[in-house]
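1. Have a look at this prediction, sequence included:
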Amino acid sequence: MGRIIEYRIPLPLSVDEYKIGQLYGVAEASKNETGGGDGVEVVENRPFTPEECEQYKSNGQYTYKIMHLENKLPRIIVAIAPKGSLQMHEKAWNAYPYCKTIYSNEYMEDSFHINIFTWHKAGVGEENVHGLDEATLKEREIVNIDIVDPVDSHDYKEDEDPSKFKSEKTGRGPLTKGWIDDQSIQPKMTCYKFYDIKFKWWGLQTKVEKIIARSVERLLRNFHRQVFCWIDQWFGMTMEDIRCLEDEAKCELDKMRKYGEAKGSKVKDDKEKGACKK
């Protein structure tokens, strides 16, 4: 059956601001996860038209990336994985404020996928932004992510802590517990990320789907803390600036993956635990 989870991430940003901040954050975060043979390989990054993707009936940006993951996965997966199978293929159709992303693995074919449907909406607290039917609503788990909440001690960086960061350009922050309900803090928006996770492998399905779900929550919390705390780096950038940054990042990622040292986060298994820290 797999797992269906909707992650909700409120942010002290407008929807238009997040469009820039997210793309900047993806480009920068990819550098932090690339090196020593692992990391992000950008295969394609180009506009798409309504004719190419009938689902959206609008223009957008298509990206195709390959994630090289051997040094980032739990030992149990690496031990049993066939050679050459530890690559994740990411295809994304970004028709902001809506985006569809598909993760697949060529070795596992139809036995694995992560399908992500994202809406970016002003305000907080909408209950069914994806228009799910009653059967899917009953299956759906909801995970609320507050960027002020503590993170794993291995992930913590003081300059990426929203409870300590204050933006020089916008005056926003530091954020305190309860900021989501504080009406004096504006603007606000929410990322509603609907995950359809399937890992069909006898004896491992439940365990691996739990690992994936836990890792996604960790990734989303860390990434959105960064997006907010990096606001002074991206605030005021244009889409033209972002496209130039992405072109530069592609070349840099290729070099880092081939010649750089291994770095970045590793997906934890059940035996690897870290304390939480503000």
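-> Right, received. Where do you want to start?
2. who's in contact with the most centrally placed residue in the chain?
-> Central residue of the chain (CA atoms, centre = their mean): residue 220, 5.1 Å from the mean position. Contact analysis of residue 220 by CB atoms under 8 Å, 6 or more residues apart in numbering lists 7, 9, 145, 193. The way it works is simple: take the backbone N, C-alpha and C, and place the C-beta from them, glycine included.
3. Off-centre distance for the helix or strand it falls within?
-> Assigned by DSSP states H and E, residue 220 belongs to helix 205-229. Its chain's average C-alpha position is 8 Å from that of helix 205-229, according to CA atoms, centre = their mean, to the nearest Å.
4. Which helix or strand lies directly C-terminal to it?
-> Next element after helix 205-229 (DSSP H and E): helix 231-234.
5. Now that next one - C-alpha only, PDB.
-> Provided in PDB are the C-alpha atoms of helix 231-234 (Å, rounded to 0.1, in the frame of the first residue of the first chain):
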ATOM      1  CA  ILE A 231      17.000  35.400   3.300                       C
ATOM      2  CA  ASP A 232      19.600  38.200   3.300                       C
ATOM      3  CA  GLN A 233      21.500  36.300   0.600                       C
ATOM      4  CA  TRP A 234      18.600  35.800  -1.800                       C
END
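6. Quick one: list the elements packing against the helix or strand following that helix.
-> Next along the chain after helix 231-234, taking DSSP H and E as the criterion, comes helix 239-259. Packing partners of helix 239-259 (3 or more CB pairs under 8 Å, 6 or more residues apart in numbering; DSSP states H and E): helix 15-32, strand 39-48.
7. Please point out which parts of stretch 39-55 sit buried.
-> 39-42, 45, 48, 53 (16 or more other CB atoms under 10 Å).
8. out of the residues you listed, who's nearest residue 114?
-> Residue 114 lies nearest to residue 40 out of the buried residues of stretch 39-55, by CB to CB, at 16.0 Å.
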